[in-house]
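[1] Below are the sequence and a predicted model; questions follow.
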Amino acid sequence: MVPIEIDGLSKEFPGDVLAVDDLDLRIESGEIFGFLGPNGAGKSTTINVLLGFVDPTAGSVSVLGQDVQGSEFAQTRHRIGVLPEGYSLYDRLSAREHVDWVARTKRADDDPDEILERVGIGDVADRRVGGFSKGMRQRLAFGMALVGDPDLLVLDEPSSGLDPTGMQEMRAIIREEAATGTTVFFSSHVLPEVEAVCDRVGIMNDGRLVAVDEIETLRDEITSSSRITLAVRSVPDELGLETLDGVTNVQVDGSEIHVDCRATTVKPRVVRYVDDRATITDIVSEEPSLEELFNRYTGDADAPDEEAPSPAEVTA
Ligand SMILES: Nc1ncnc2c1ncn2[C@@H]1O[C@H](COP(=O)(O)OP(=O)(O)OP(=O)(O)O)[C@@H](O)[C@H]1O
């Protein structure tokens with residue numbers, strides 16, 4: 001059974017807003033999938049369709065083997081752990097009461113204290129949530145998503161409000177969940193977090209999925225962005241590196257040779273080529289960051305977590 005299968009999904013909102021445009025996506029069991037895109041790209045809409053909260057305008061979506069529009073889907077929801085965007089908590093209830101409430105709704109026998117301990121707020125289990133900081137609320141919402149040992153975790157911006165330690169702890173839990181076969185689908189603007197934990201990423205832009213693959217493969221697809229710098233004792237005259245297949249640019253700066261390659265796989269050939277002609281004293285290999293990939297695929301020169309651009313400003 002494929003945990004998430006999306007075929008030709010489109011969602012149009014009134015006012016001619018095409019939030020999701022003909023999306024095909026398949027997520028495999030146990031996979032940690034990062035769903036990226038600038039503000040307004042269509043991530044939350046896709047997630048809302050996945051959870052059966054929003055009906056598609058076109059296409060079909062099946063989650064844990066069930067059509068999200070079918071009458072059986074209500075039961076399937078119990079097997080999904082969700083951390084939605086803009087979740088609400090009850091200020092007068094304690095953290096334990098929140099987890100307990102989800103456990104009862106899901107008919108799960110989890111020990112709320114164990115869950116709260118796991119997400120790092122075991123010591124405030126009895127405190128009313130009204131006085132919680134943003135990070136504490138986020139940890140609680142994440143804990144609520146973990147109730148019932150879900151087969152699928154759908155997390156919308158899970159690290160929002162978390163400090164670096166909180167992010168690390170959340171990543172560790174995500175990995176633990178995936179190791180036991182849980183599929184994790186999460187949207188994020190925090191690119192290092194995505195890079196650290198995801199098997200594959202999908203990049204949405206203006207309602208369309210503009211890239212989907214392992215980060216390494218996406219890197220390789222970005223031409224001339226993969227750079228290697230070789231320090232040599234002395235640069236030979238007429239090195240001729242430009243003629244090497246896959247090399248897109250060569251710059252010599254003193255005793256350093258900067259070489260742009262079409263793919264990371266070209267780099268070993270560059271090293272061998274130079275090694276045959278000079279004495280190499282140092283090698284520095286640079287990869288484009290996920291942020292560069294993101295900007296490249298979304299055509300957005302600004303940082304991805306800047307203020308929301310209008311849909312018209314987000315171009316493919
Ligand atoms: N209920 C709605 N009614 C009308 N338009 C909507 C509705 N929900 C979303 N949209 C529009 O659909 C587009 C996609 O929005 P969506 O919230 O899916 O983007 P997103 O990628 O999740 O953005 P963000 O990163 O800002 O959360 C936007 O243009 C948004 O204004």
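    Perfect, I can see it now.
[2] Look up phi and psi at the single nearest residue of the stretch 51-200 of the chain relative to the ligand.
    Relative to the ligand, the nearest point of the stretch 51-200 of the chain is E85 (6.1 Å; C-beta to the nearest ligand atom). Yep, even glycine has a C-beta here, placed from its N, CA and C like the rest. Main-chain dihedrals, E85, degrees, to the nearest 10: phi -70, psi 140.
[3] Near it, how many other residues are there?
    Number of residues near E85 (other C-beta atoms under 10 Å) recorded here: 13.
[4] next one: A103
    A103 has 18 nearby residues by other C-beta under 10 Å.
[5] would you say it is within a strand?
    No. Under DSSP: H, G, I helix; E, B strand; the rest coil, A103 falls outside any strand and is assigned helix.
[6] hang on, isn't D55 packed against V49?
    Yes. At 7.5 Å, D55 counts as touching V49 under the criterion of C-beta atoms under 8 Å.
[7] higher neighbour count, the two?
    Between D55 and V49, counting by other C-beta under 10 Å, V49 is the more crowded of the two (26 against 11).
[8] Could you double-check that the more buried one sits in contact with V68?
    Yes. Using C-beta under 8 Å, V49 is in contact with V68, at 6.7 Å.
[9] Helix, strand or coil: sort out the closest residue to G202 other than its chain neighbours for me.
    Leaving aside its chain neighbours, G202 sits nearest to V212 (4.2 Å; criterion: C-beta to C-beta, 6 or more residues apart in numbering). Assigned by three-state DSSP, the conformation of V212 is strand.
[10] per-residue confidence for V212?
    Looking at V212, its pLDDT reads 90.
[11] Now for it: which residues touch it?
    The contact partners of V212, by C-beta atoms under 8 Å, 6 or more residues apart in numbering, come to L25, R200, V201, G202, I203.
[12] if we go to 10 Å?
    Residues near V212 by C-beta atoms under 10 Å, 6 or more residues apart in numbering: L23, D24, L25, R26, F33, F35, R200, V201, G202, I203, M204, L218.
[13] Fine, thanks again, bye for now.
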